[in-house]
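make a model of this:
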Amino acid sequence: MKRKLALLLAALMLASSFASCASDSGSDVKDSGNQAAATTAAETAGETKPVIQINPNLPAEDYEGYNFVFLSRWLNHLDWTPVWDPHDLDAEAENGEPVNDAVYKRNQMVEEKYNVVISENRLEHISQEWQKAFKQEIASGDNSFDVALPSIGEGSSNYAVAGNFVDLFTIDNLDLTQPWWDQNAVEDMTIRHKLFMVEGDLLTNYKDATAAMVFNKQLYADNGFEDIYALVENGNWTFNKLYEMMKGFGRDVDGDSDMDENDQYGLVCQVDSMPSLLNAAGETYALKDEDDMPYITINTESAVMKMEKIFDIMYSPDARNSHKIESTGNIYAIAEQAFKENRTLFMWIRMAVAGTLRDMEVDFGIIPVPKYDEKQENHYSTVNVNTGYGLCVPVTSKDLPRTGMILEALCSASYNNLTTAYYETNLQGKIVRDDESLAMLEIIFSNTLYDIGQVYNFGTMDSMFMNLSRTDNRNFTSTYAKNEKMILKAIEKLEKNLDKLDAQ
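Take a look at the predicted model:
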């Protein structure tokens, strides 16, 4: 995964450089030499580019026109539509958009090889339409869909715990060791060596749900800050550095003596920023023991210490939490507009939000969420369990080898197709404004993290701790103490349910 991403981003940076050279009509001899070198390198890269193909280890099968159905969700919600609507499962025809066309070609390739029809049943999530259809399927034992795509958190805490999903490790033809499956997800989301949900190149949503930050280049330059990309590369992009830069940046722009959505801030964040910052600091809600069972880590001395620094950052008068602002409008759009209007220095985002900034006049850059301190080796990027969805196979499936075959085929066919289109469309030229941000993406996506405590939301601990930030509440330790029994009972319940599954 890391090597593939590095090569892909290097190719995109090369293409970006080549395009810049080609568009410069005033190139001198030196520039012409660079252009020739770029052309040669591009040709070389083209010669070694892997062919788009289905996993060659899969056997040939004819499924006689079977309709292979994904049960997906859409969100009829002012704050989330259409950013989080699925666009990685089905496409009616080619339309010139790289992601759409990659999905169409991928599905067509698999349909032709296995004589199937790939389709999507998209149901609304907020109104519980999706949930009702899923529960009806489980209760009736029907086979109306082959793969379900719930949100990571809801799917794990509600349905996996209840035994509604098949252990993906047991499905024939599904090879989860292959690079087109997200190995971070495979490792992080197992429970007692069972895997009920996974991410892979078949999907782009989990990339969109990955945490990052953007910064306004004009405001950054105007304040004479040091090269932020160098800070990241040298391991110096830390909580303290973020706090230092944002400090004193808050300003009552409209002069009404009330710091609200119309004013200026050093950082705009939201409740989801809290677990993201905790993970970025190298801490988690929970980890897993030698038996691959979760145990709580959010109550350790180290985690408590780092939470205090997170409070300092998020509760600073120079920061604004979008979920604290009383507004009848779209709180995310309001935050994004403030960033576009040069009233925000830093903004915490999930990567999909970068796409809403493509019409921004002033340049911006993309960087990882900062580390806790310089001693910490890596940056960690949380995959958000509320906006990210995953692939799950319901226990009602009538033909698991067929399901495994089609999923493996679709995911492997996406490896050098959809993933490349995702980066080219959403990043190169349209969103990312510089080669340095492209390099940052390698750091962001190579160290994704699925916190098992957030994934299973034991005792509603995820929402419990996020909601502290709605009122600038610093009572982290006492909040955990009050709810510890409920959290531990949730883990015990999970263990009992797994015992039942083992006994079947």
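
so where do the strands sit in the stretch 251-400 of the chain?
Remark: strands assigned in the stretch 251-400 of the chain by DSSP state E, counting those that start in this stretch are 265-269, 286-288, 294-296, 319-321, 344-350, 364-367, 381-382.

JSON lines for those, including mean pLDDT, distance to residue 125 and mean neighbour count?
Where you see a C-beta, it was placed from the backbone N, CA and C, and this is true even at glycine. What follows is the strands of the stretch 251-400 of the chain, written out as JSON lines (pLDDT from 0 to 100; distance: least, C-beta to C-beta, whole Å; neighbours: other C-beta atoms under 10 Å):
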{"stretch": "strand 265-269", "mean pLDDT": "93", "distance to residue 125": "24", "mean neighbour count": "26"}
{"stretch": "strand 286-288", "mean pLDDT": "97", "distance to residue 125": "26", "mean neighbour count": "17"}
{"stretch": "strand 294-296", "mean pLDDT": "97", "distance to residue 125": "26", "mean neighbour count": "18"}
{"stretch": "strand 319-321", "mean pLDDT": "89", "distance to residue 125": "24", "mean neighbour count": "25"}
{"stretch": "strand 344-350", "mean pLDDT": "95", "distance to residue 125": "17", "mean neighbour count": "26"}
{"stretch": "strand 364-367", "mean pLDDT": "93", "distance to residue 125": "28", "mean neighbour count": "22"}
{"stretch": "strand 381-382", "mean pLDDT": "98", "distance to residue 125": "21", "mean neighbour count": "25"}
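
indicate which one of those is closest to residue 469.
With C-beta to C-beta as the criterion, residue 469 lies closest to strand 319-321 of the strands of the stretch 251-400 of the chain, at 5.6 Å.

and residue 60, what does it touch?
With contacts taken as C-beta atoms under 8 Å, 6 or more residues apart in numbering, residue 60 has the following neighbours: residue 113.

rewinding a little: identify whichever of the strands of the stretch 251-400 of the chain lies nearest to residue 61.
With C-beta to C-beta as the criterion, residue 61 lies closest to strand 286-288 of the strands of the stretch 251-400 of the chain, at 36.1 Å.

note down every partner strand of the closest one and its orientation.
Sheet pairing of strand 286-288 (DSSP bridges) gives strand 294-296 (antiparallel).

hmm, who's touching the strand it pairs with?
Strand 294-296 is contacted from outside by 191, 285-289, 452-453, 456, 458, 484, 487-488, 491, 494, using C-beta under 8 Å, 6+ apart.

those residues: which two are farthest apart?
Greatest spacing in the contacts of strand 294-296, by C-beta to C-beta: 191 and 484 (20.4 Å).

between the two, which has more neighbouring residues?
residue 191 (22 against 14; other C-beta atoms under 10 Å).

hmm, the more buried one is touching residue 293, no?
Yes. Using C-beta atoms under 8 Å, residue 191 is in contact with residue 293, at 7.0 Å.

now do the same contact list for residue 321.
Applying C-beta under 8 Å, 6+ apart to residue 321 gives the contacts 269-271, 273, 314, 469-470.

that one pairs with what?
Note on residue 321: beta-bridge partners residue 269, judged by DSSP bridges.

can I get stretch 111-131 in CSV, CA atoms only?
Extracted in CSV, the C-alpha atoms of stretch 111-131 (Å, rounded to 0.1, in the frame of the first residue of the first chain):
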residue,chain,number,x,y,z
GLU,A,111,-19.7,-8.2,-15.5
GLU,A,112,-18.3,-9.5,-18.8
LYS,A,113,-15.9,-12.0,-17.2
TYR,A,114,-18.4,-13.5,-14.7
ASN,A,115,-21.7,-12.9,-16.5
VAL,A,116,-23.2,-10.9,-13.7
VAL,A,117,-24.9,-7.5,-13.4
ILE,A,118,-23.4,-5.1,-10.8
SER,A,119,-26.1,-3.0,-9.2
GLU,A,120,-26.7,-0.7,-6.3
ASN,A,121,-29.8,-0.3,-4.1
ARG,A,122,-29.2,3.1,-2.5
LEU,A,123,-31.5,3.9,0.5
GLU,A,124,-31.7,6.9,2.7
HIS,A,125,-29.9,6.6,6.1
ILE,A,126,-31.1,9.5,8.3
SER,A,127,-34.7,8.5,8.0
GLN,A,128,-33.7,4.9,8.9
GLU,A,129,-34.8,3.6,5.5
TRP,A,130,-31.5,1.8,5.1
GLN,A,131,-31.6,0.3,8.6
